[in-house]
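Student: my questions are about this predicted structure, shown below with the sequence.
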Amino acid sequence: MAPKKLQSPIFKWITSKDRDAVFAIHESSHDFPMTEDEFVETLSDRSNWGVLIEIDGIISGYMLYSIYRKEYTILSIGVLEDRRRAGIGSMLIQHLKEKLISTRRHSINILIPESNLGAQLFMQKHEFKAIYVKRSPYENTNDDGYMMRFAVNITDETWQPQNRITAYLT
């Protein structure tokens, strides 16, 4: 019997009513998760944003990221345990990649513990490259962190800044 096909994903900003479900996914997705207070504090910071993906009416994954002038930095990403390996993490990454050009940013960064080979390979599959090693950045472990980056070449011919308003004028 073929697996059930998931409905179209809905991306939404994380709100206070979603916070408990998202935090539960966060806790099950990380070896050393943030505390609930740290999680709420991260979401409360004006430079940080949280997006969730809802499929079949169920919050199936989330991503927290910081916005900087020229780049995004992923702070945390997670997928509901029974929905892993269904492409949900890939949808979240693609969602952020699609924002790069329209927001005039050129890269996405993420710091991954050296012991998390699965995350390193996942990001490598999405064209992220390790750019440097950060020595012992974590409080709970002696792991080093690999800074990985996906970058858009803004000199590439495919990068065309667009005036979104002109589409409404014709």
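Tutor: Ah, there it is. Keep in mind it's a predicted model, so treat the numbers as computed, not measured. Numbers count the residues shown, from 1 in each chain.
Student: where exactly do the strands run in this protein?
Tutor: 10-13, 48-55, 58-67, 71-79, 107-113, 129-134, 145-151 (DSSP state E).
Student: by mean pLDDT, show me the worst of these.
Tutor: In terms of average pLDDT, strand 129-134 trails the rest of the strands of the chain, at a mean of 89.
Student: buried residues in stretch 9-29, which are they?
Tutor: Going by neighbour count (16 or more other Cβ atoms under 10 Å), the buried part of stretch 9-29 is 9, 14, 18-19, 21-23, 25-26, 29. All C-beta spots, glycine's among them, are computed from the backbone N, C-alpha and C.
Student: so which of those comes closest to Ser102?
Tutor: Pro9 (19.0 Å; Cβ to Cβ).
Student: which residues sit in contact with that closest one?
Tutor: 53-55, 60, 88, 91 (Cβ atoms under 8 Å, 6 or more residues apart in numbering).
Student: of the residues you listed - the most surrounded one?
Tutor: In terms of neighbours by other Cβ atoms under 10 Å, the contacts of Pro9 top out with Ser60 at 26 neighbours.
Student: surely it meets Met91?
Tutor: No - with contact defined as Cβ atoms under 8 Å, Ser60 does not count as touching Met91 (9.2 Å).
Student: shared neighbours of the two, anything?
Tutor: What both Ser60 and Met91 touch, as defined by Cβ under 8 Å, 6+ apart, is the set 9, 53.
Student: adding distance to Thr35, write the strands of the chain out as a markdown table.
Tutor: Putting these into a markdown table (distance: least, Cβ to Cβ, whole Å) gives the following:
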| stretch | distance to Thr35 |
| --- | --- |
| strand 10-13 | 22 |
| strand 48-55 | 16 |
| strand 58-67 | 14 |
| strand 71-79 | 13 |
| strand 107-113 | 18 |
| strand 129-134 | 22 |
| strand 145-151 | 19 |
